[in-house]
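Participant: Here is the input, now give the coordinates:
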Amino acid sequence: MAERDRVSKITDAVGVILYVAGILCMCVICSRLFTDDIWYDEVFSLGFIRYGYADIASLTAMDVHPPLYYMYLKTVTAIGMALVGESHIIVLAKLASALPWLGLLVVSVTYIRRKWGLSVSGIFLFFVTAMPQICGFYGEIRMYSFALLLVSINVLLAVRILSDGDNALIWILFLLSGIMTAYTQYYACIAIIGTYIAIFTDSLIYKNERNRTIIRNLIISAILSVIAYLPWLPVLRAQMGNISGKYWIQPLTIRSLAGCIKFLILPATDMTGLAYICAVAGVISIALIVTLYVIYCSRESIRELICLMCPILIVIISGFILSAAGTPIFIYRYMIPAAGGLWLAVAICAMKAGEGYKEKHTDRTVISLFPILLMIPLIIIGLVNVRGFYGEERWKEIHIDDAMETLHGLDDAAVIVANFDHVASIMGYYLPDNTVLLYDDSCDQLITRMNDRCGNMATDEDIDKLLRDGKKVYFFGSFSSRDEITDKWGRAGIGSELMGEIFIERYWINIYSLSVDDEQNT
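Facilitator: Have a look, this model is predicted:
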């Protein structure tokens, strides 16, 4: 008994240590949110919050996501701007993405701790804070951290339903969290479908006296969810038409499965060898932990594991099905909302496998700590990832300061021409008083709708006319094609003087001052 108590104290201590580690990691993440660097997708988020709630709902017909996140973002930033002013809008929007972490913290400290213990809740909090990809979305002005919270809550409610299918409050919360998720992000909605599938399948396989009630309530919940979503279906249809024929995502292949694993487990670090060593060790650790869990734990515990894993599996499977059907609209980050269930499953497997071993081998309780030792590679992955994230964001901060100094030095009446729609879009946000054009193409129609000075097409003839009319024109060149463009302009009598190079978030941009060569044209 004394040895068993000692093991329990060790596992609880692990939970407390990882609680502290998770909180410290979040402090590191938050320390990097106070910069003004944004990338292309974030321009849409920042554009939406300039409108009223009704306009947000109507404008999303031109977007590829539902409106709830944008309404949440507008609410949070409006409160923030009332307190600190509009000049900090980007930082406030980034902090809005960090707020869902507080919800995960509350869920971890309360429900998860009571149901699975201090150790599981501590591991879960560390994982959903520090693991690869996840930590970056707490500072990205998109809906992924918000969806992560909603899906995590929904999957926890689904697990509760497996053992308490008569609780009306649980069903109401399950219904509401699912509807909110469906109005946040479509692949997060698919994750919710995964929880419905998990509950339904469980009720068919594991028969008990509550099955009839669970299936009845599940059907009612599904019908009410569809009814709640009916007003949005015309908009969804319009969005699908908007996507058709122009979506840039490549079809998925068998190699994409490895890409899914790599996305979730490969830490961010400039030491590539270390990253892959950690990733391989992490995959092996997870495989061993799950195997021990299946061997030593009860059927009831395995049911929970399936329910937690089902959302992310359904998301991945759906992505492959849509790709095979000719509509490749799945990218790896769409797994983020369902990652909470995945990492909770790993945490439970690690802790409960040891407890299952203790129950079957009471004379060898110390060995039950072995699954905890298997967690070490995963903990290292989290720590390496946060360190890499900090370094990368610090590097971006240095460059954004230099870039902003350069941009603020440009003439407000100047015309900006870019050869990359991402660059044109973010320049339209950073330089609202300038006209920003896209060379030989137009930006997304939503960009031009949100900012009528940004994103229209500029041809060689347009640029030549602007210069001859006395306009100051800068070319913001991206990729190697910028050299081909400036060479072509040179032959056509348009000179380009390289003024410098800037880096914003993920974009290297060469800035050229354009001029017209009258002698060459005559």
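Participant: chain center to the helix or strand hosting residue 474: distance?
Facilitator: Per DSSP states H and E, residue 474 falls inside strand 473-477. Put simply, strand 473-477 sits 32 Å off its chain's centre (C-alpha atoms, centre = their mean, to the nearest Å).
Participant: Show me what it is packed against.
Facilitator: strand 415-418, helix 421-430, helix 460-468, helix 481-491, strand 507-516 (3 or more C-beta pairs under 8 Å, 6 or more residues apart in numbering; DSSP states H and E). Every residue, glycine included, has its C-beta placed from N, CA and C.
Participant: if we go to 7 Å?
Facilitator: Applying 3 or more C-beta pairs under 7 Å, 6 or more residues apart in numbering; DSSP states H and E, we find strand 473-477 packed against strand 415-418, helix 460-468, strand 507-516.
Participant: Okay, buried residues for the shortest one please.
Facilitator: Neighbour counts using 16 or more other C-beta atoms under 10 Å place 415, 416, 417, 418 of strand 415-418 among the buried residues.
Participant: And those, which is closest to residue 43?
Facilitator: residue 418 (13.0 Å; C-beta to C-beta).
Participant: List the contacts of the closest one.
Facilitator: By C-beta atoms under 7 Å, 6 or more residues apart in numbering, the residues touching residue 418 are 424, 427, 436, 438, 439, 476.
Participant: Also residue 124?
Facilitator: Residue 124 makes contacts with 108, 112, 343, 344, 347, as judged by C-beta under 7 Å, 6+ apart.
Participant: would you say residue 456 is within a strand?
Facilitator: Yes: counting by DSSP: H, G, I helix; E, B strand; the rest coil, residue 456 is located in a strand.
Participant: that older thread, TSV for the contacts of residue 124, including pLDDT and neighbour count?
Facilitator: TSV is the format used below for those (pLDDT from 0 to 100; neighbours: other C-beta atoms under 10 Å):
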residue	pLDDT	neighbour count
108	97	25
112	96	24
343	97	24
344	97	28
347	93	30
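Participant: Which of those residues sits closest to residue 490?
Facilitator: residue 343 (54.3 Å).
Participant: any idea how far residue 129 is from that closest one?
Facilitator: Residue 343 sits 10 Å away from residue 129, going by C-beta to C-beta, to the nearest Å.
Participant: do the same with residue 205
Facilitator: Distance from residue 205 to residue 129, by C-beta to C-beta: 34 Å.
Participant: one step back: and of the helices and strands packed on strand 473-477, who's closest to residue 320?
Facilitator: Shortest distance between residue 320 and the helices and strands packed on strand 473-477, using C-beta to C-beta, is found for strand 507-516: 30.7 Å.
Participant: What strands flank that closest one, and is each parallel or antiparallel?
Facilitator: The pairing partners recorded for strand 507-516 under DSSP bridges are strand 473-477 (antiparallel), strand 494-504 (antiparallel).
Participant: Please save the CA atoms from it in CSV.
Facilitator: Coordinates of each C-alpha in strand 507-516 appear next as CSV, following Å, rounded to 0.1, in the frame of the first residue of the first chain:
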residue,chain,number,x,y,z
TYR,A,507,7.3,37.3,-46.9
TRP,A,508,10.7,38.6,-48.2
ILE,A,509,10.0,41.7,-50.3
ASN,A,510,12.4,43.7,-52.5
ILE,A,511,11.3,47.3,-52.8
TYR,A,512,12.0,49.0,-56.2
SER,A,513,11.5,52.6,-57.1
LEU,A,514,10.1,52.8,-60.7
SER,A,515,10.8,55.5,-63.3
VAL,A,516,10.1,56.0,-67.0
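Participant: Report the angle between that strand and helix 460-468.
Facilitator: Here strand 507-516 points in a direction 60 degrees away from that of helix 460-468 (axes from the mean of the first three to the mean of the last three C-alpha atoms, to 10 degrees).
Participant: Now the host helix or strand of residue 58: average pLDDT?
Facilitator: Element membership for residue 58, per DSSP H and E: helix 53-59. Averaging pLDDT along helix 53-59 gives 91.
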